[in-house]
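Undergrad: What follows is a predicted structure for the sequence shown.
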Amino acid sequence: MLDDVSIGNIRKRRTFAIISHPDAGKTTLTEKLLLFGGAIQLAGSVKGRKAARHATSDWMALEQQRGISVTSSVMQFPYDGRMVNLLDTPGHEDFSEDTYRTLTAVDSALMVIDCAKGVEARTIKLMEVCRLRDTPIMTFINKLDREGRDPMDLLDEIEKVLRISCAPITWPIGMGRELQGIYHLLEDRIYIYQEAAKGRAGTYATIDGLESDAARDFLGLRAAAMRDEVELVRGAMPEFCAQEYLAGRQTPVFFGSAISNFGVTELLSMFVRQAPGPQARETTVRSVEPLEDKLTGFVFKIQANMDPGHRDRIAFMRICSGRYVKGMRLFHVRLRKEMRVSDALTFLASDRQHTDEAYAGDILGLHNHGTINIGDTFTEGESLMFTGIPNFAPELFRRTVLRDPLRMKALQKGLDQLCEEGATQVFRPLRNNDVILGAVGQLQFDVVAFRLQDEYSVQAAFDNVNVFTARWVYLKDTGGAKDAKGQKKLEEFRNKAYENLALDHSGALVYLAPTRVNLQLTIERWPELDFRETREQL
Ligand code: G4P
């Protein structure tokens with residue numbers, strides 16, 4: 001049994017990610033959350049820290065050149081009696097795989113929307129991923145200090161496009177140059193906007209009661225219209241309902257301006273009170289509850305050389321149940337091997353530090369010397385594996401061309417490690433010694449080429465290759481592995497389709513289809529086989 005302190009600590013955890021289209025204000029909001037959580041002292045530190053890293057690492061220089069954030073990190077900070085774990089996700093579309101996996105490690109999400117742009121392409125994609133697990137979502141409509149779209153229109157768009165019902169918690173009083181403040185529908189209170197409010201949270205003035213004399217004076221000519229609008233909002237939109245939110249069917253909506261610290265505290269205080277703590281998770285054997293006394297967890301991300309001074313690789317493990325204490329023995333389920341962990345990292349205030357204990361909901365950084373893969377499960381001895389950490393079928397393929405053939409071994413090593421991190425996928429055709437890389441976006445190839453050169457001193461180029469898509473090949477009947485007839489079919493397929501078959505990083509069989517038509521014909525010809533777009537890492 002876990003002791004009461006540990007149970008309390010687990011219940012206090014709030015593990016979430018911010019999802020948004022690039023430029024909506026995710027970085028700015030993250031910084032404000034850290035600022036109000038007391039994790040950083042000065043606005044600008046997050047970007048400043050980014051810049052410091054850029055200066056010391058060429059790899060980060062690529063991020064800077066492209067003006068994107070490629071890597072993602074974990075930040076932990078206490079807020080209002082809770083312990084918040086914020087998992088950052090890279091904003092660029094080409095790195096969506098990484099983002100998708102990060103979303104498997106959170107219990108809820110915060111969606112940021114630009115009030116002038118509304119729902120954008122990437123928001124839609126990310127929302128689809130959240131929907132797979134019914135992840136509860138809170139919404140922040142940002143940049144209220146600029147001219148934006150009609151708030152009713154924005155909510156209408158969220159409801160229609162993202163298919164989630166909206167329960168406004170705050171409502172804007174004007175926008176852009178006309179912005180006067182926000183009205184809190186649950187508190188019946190006006191928060192007054194002050195343009196120059198660069199101070200800490202909660203320094204701006206409030207007025208209680210929309211019907212009060214003070215509110216009437218403050219709103220002036222707008223008072224009557226505002227009261228009508230609020231009445232309309234209350235009539236037309238649903239009230240906040242905790243169950244609906246937790247089921248992922250309703251999103252509470254907040255308006256504000258991250259850059260002016262405005263409306264953020266209201267969001268954060270509702271978030272820590274309403275967002276779910278650590279949730280139960282499925283495994284190959286059973287469902288795991290967070291308050292179980294034994295530790296379990298899975299690796300959702302591996303990142304190399306976060307700190308160029310260290311040149312190590314860190315595996316990020318989400319703790320799903322129990323408690324970690326320094327020096328404990330963990331069971332690496334895939335390798336069936338025990339290992340002692342004495343130097344795990346936590347990510348308090350985004351600085352890495354060694355930790356003595358951590359709880360379900362937290363993220364642990366494990367030093368990885370090549371034995372940990374994305375999707376790996378750790379337990380205290382039980383043989384179970386967490387499911388649902390996807391490997392996506394890449395959409396772009398290139399053949400690796402090595403400039404110096406003597407560097408073949410270094411290339412293999414580099415690609416294996418980059419593959420293990422999920423930076424690219426490697427396919428080795430059965431018929432020759434080619435190395436084919438797969439990616440979800442073009443930028444991934446640039447990153448791989450850059451890192452091969454930078455970290456492994458390998459100069460590689462990429463050629464076009466005649467591959468349209470990849471499918472992981474399985475026998476349809478899951479009991480089929482032992483079924484002799486099924487095995488024979490698979491063997492027959494291996495012989496017939498030999499020219500188009502390859503093995504992935506883990507040795508799984510993959511069909512590399514040259515065209516869409518070819519894929520369709522192959523699927524029709526082999527009804528006993530399953531051609532899957534994702535390989536769940538089991
Ligand atoms: P992202 O991580 O989602 O990509 O967005 P980020 O926070 O970097 O914000 C994108 C741009 O929007 C930044 O401007 C940022 O300053 C601005 N921004 C964020 N929140 C607000 C807001 O509430 N109001 C207004 N008016 N702007 C906001 P930039 O010019 O691209 O960068 P910078 O030079 O300000 O750093």
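TA: Thanks, I have it.
Undergrad: all helices for the stretch 251-400 of the chain, in order.
TA: Assigned by DSSP state H, counting those that start in this stretch, the helices in the stretch 251-400 of the chain fall at 264-274.
Undergrad: what about Ala275, neighbour count?
TA: Using other CB atoms under 10 Å, Ala275 has 23 other residues around it. For every residue, glycine as well, the C-beta is placed using N, CA and C.
Undergrad: Next one: it from the ligand, what distance?
TA: 20 Å (CB to the nearest ligand atom, to the nearest Å).
Undergrad: so that residue makes contact with Ala109?
TA: No. Using CB atoms under 8 Å, Ala275 makes no contact with Ala109, being 9.2 Å away.
Undergrad: Find residues that contact each of the two.
TA: By CB atoms under 8 Å, 6 or more residues apart in numbering, Ala275 and Ala109 have these common neighbours: 16, 136, 138.
Undergrad: pLDDT score assigned to the nearest residue to Glu380 once chain neighbours are set aside?
TA: Of all residues not flanking Glu380 in the chain, Lys294 sits nearest, at 4.4 Å (CB to CB, 6 or more residues apart in numbering). For Lys294, the model assigns a pLDDT of 97.
Undergrad: Can you report how many residues neighbour Lys294?
TA: Neighbour count for Lys294, taken as other CB under 10 Å: 14.
Undergrad: just Gln417 next, same as before
TA: 18.
Undergrad: try Asp454
TA: Counted with other CB under 10 Å, Asp454 comes out at 16.
Undergrad: got it, and Thr283?
TA: 21.
Undergrad: what does the one 10 residues further on give?
TA: Using other CB under 10 Å, Asp293 has 13 neighbouring residues.
Undergrad: Check which helix or strand the residue of the stretch 401-538 of the chain found nearest the ligand maps to.
TA: At 15.4 Å from the ligand, Leu443 is the closest residue in the stretch 401-538 of the chain, using CB to the nearest ligand atom. Element membership for Leu443, per DSSP states H and E: helix 442-456.
Undergrad: And that helix, what does it pack against?
TA: If contacts are counted by 3 or more CB pairs under 8 Å, 6 or more residues apart in numbering; DSSP states H and E, helix 442-456 sits against helix 58-66, strand 396-402, helix 408-420, strand 436-439, strand 460-464.
Undergrad: Quick one: closest of those to Thr265.
TA: Of all the helices and strands packed on helix 442-456, it is helix 58-66 that lies closest to Thr265, at 30.4 Å by CB to CB.
Undergrad: Rounded mean pLDDT for the following helix or strand past the closest one, please.
TA: The helix or strand immediately downstream of helix 58-66 is strand 74-79, counting by DSSP H and E. What strand 74-79 shows for mean pLDDT is 84.
Undergrad: Work out the gap between strand 74-79 and the centre of the chain.
TA: 16 Å (CA atoms, centre = their mean, to the nearest Å).
Undergrad: What of stretch 102-110?
TA: 6 Å.
Undergrad: just stretch 253-266 next, same as before
TA: The answer for stretch 253-266 is 22 Å, by CA atoms, centre = their mean.
Undergrad: Could you give me the buried positions within that stretch?
TA: Within stretch 253-266, the residues that count as buried by 16 or more other CB atoms under 10 Å are 253-266.
Undergrad: Over to stretch 502-521?
TA: Applying 16+ other CB under 10 Å to stretch 502-521 flags 502, 504-505, 509-513, 519 as buried.
Undergrad: what does this structure have sitting close to the ligand?
TA: Listed as neighbours of the ligand in the chain under the rule CB under 6 Å from any ligand atom: 20, 22-28, 91, 142-143, 145-146, 257-259.
Undergrad: picking up where we left off before, make JSON lines out of the shared contacts of Ala275 and Ala109 and add secondary structure, distance to Ser321 and neighbour count.
TA: Formatted as JSON lines, these follow (DSSP: H, G, I helix; E, B strand; the rest coil; distance: CB to CB, whole Å; neighbours: other CB atoms under 10 Å):
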{"residue": "Phe16", "secondary structure": "strand", "distance to Ser321": "19", "neighbour count": "23"}
{"residue": "Pro136", "secondary structure": "coil", "distance to Ser321": "20", "neighbour count": "25"}
{"residue": "Met138", "secondary structure": "strand", "distance to Ser321": "25", "neighbour count": "23"}
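Undergrad: Kindly indicate which of those residues lies nearest Glu492.
TA: Distances from Glu492 to the shared contacts of Ala275 and Ala109, taken by CB to CB, are shortest for Pro136, at 47.6 Å.
Undergrad: which ones are touching the closest one?
TA: 107-109, 245-248, 275-276 are the contacts of Pro136 under CB under 8 Å, 6+ apart.
Undergrad: what do you get if the cut-off is 7 Å, keeping everything else the same?
TA: For Pro136, the contact set (CB atoms under 7 Å, 6 or more residues apart in numbering) comprises 108, 245-246, 248, 275-276.
Undergrad: Grab the nearest non-local neighbour of Ala215.
TA: Once flanking residues are discounted, Ala215 sits nearest to Ile207: 5.1 Å by CB to CB, 6+ apart.
Undergrad: okay, the one you found: pLDDT?
TA: Value for Ile207, per-residue pLDDT: 96.
Undergrad: next helix or strand past the helix or strand in which it is found?
TA: Per DSSP H and E: Ile207 is located in strand 206-208. Downstream of strand 206-208, the first helix or strand assigned by DSSP H and E is helix 213-219.
Undergrad: which residues touch the next helix or strand after that following helix?
TA: Counting by DSSP H and E, the next helix or strand C-terminal to helix 213-219 is helix 223-236. Contact with helix 223-236 is made by 168, 171, 173, 183, 185, 210, 216, 219, as judged by CB under 7 Å, 6+ apart.
Undergrad: For the last one, give its distance to the ligand.
TA: It refers to Leu219. From Leu219 to the ligand the distance is 22 Å (CB to the nearest ligand atom).
Undergrad: Identify the farthest-apart pair in the contacts of Pro136.
TA: Gly248 and Ala275 (12.1 Å).
Undergrad: so how far is stretch 483-496 from its chain's centroid?
TA: Worked out by CA atoms, centre = their mean, stretch 483-496 lies 38 Å from the chain centre.
Undergrad: Please identify the buried residues of that stretch?
TA: Buried residues in stretch 483-496 (16+ other CB under 10 Å): 486, 489-490, 493.
Undergrad: Next, give phi and psi for the residue of the stretch 51-200 of the chain found nearest the ligand.
TA: Using CB to the nearest ligand atom, the closest approach of the stretch 51-200 of the chain to the ligand is made by Lys143 at 3.9 Å. Backbone torsions of Lys143, given as degrees, to the nearest 10, read phi 70, psi 40.
Undergrad: try Glu147
TA: Taking degrees, to the nearest 10, you get phi -60, psi 130 for the backbone angles of Glu147.
Undergrad: Please tell me I have it right and it contacts Met175.
TA: Yes. If you go by CB atoms under 7 Å, Glu147 and Met175 touch, sitting 6.1 Å apart.
Undergrad: From the neighbour counts alone, determine which of these two ranks first.
TA: Met175 (21 against 13).
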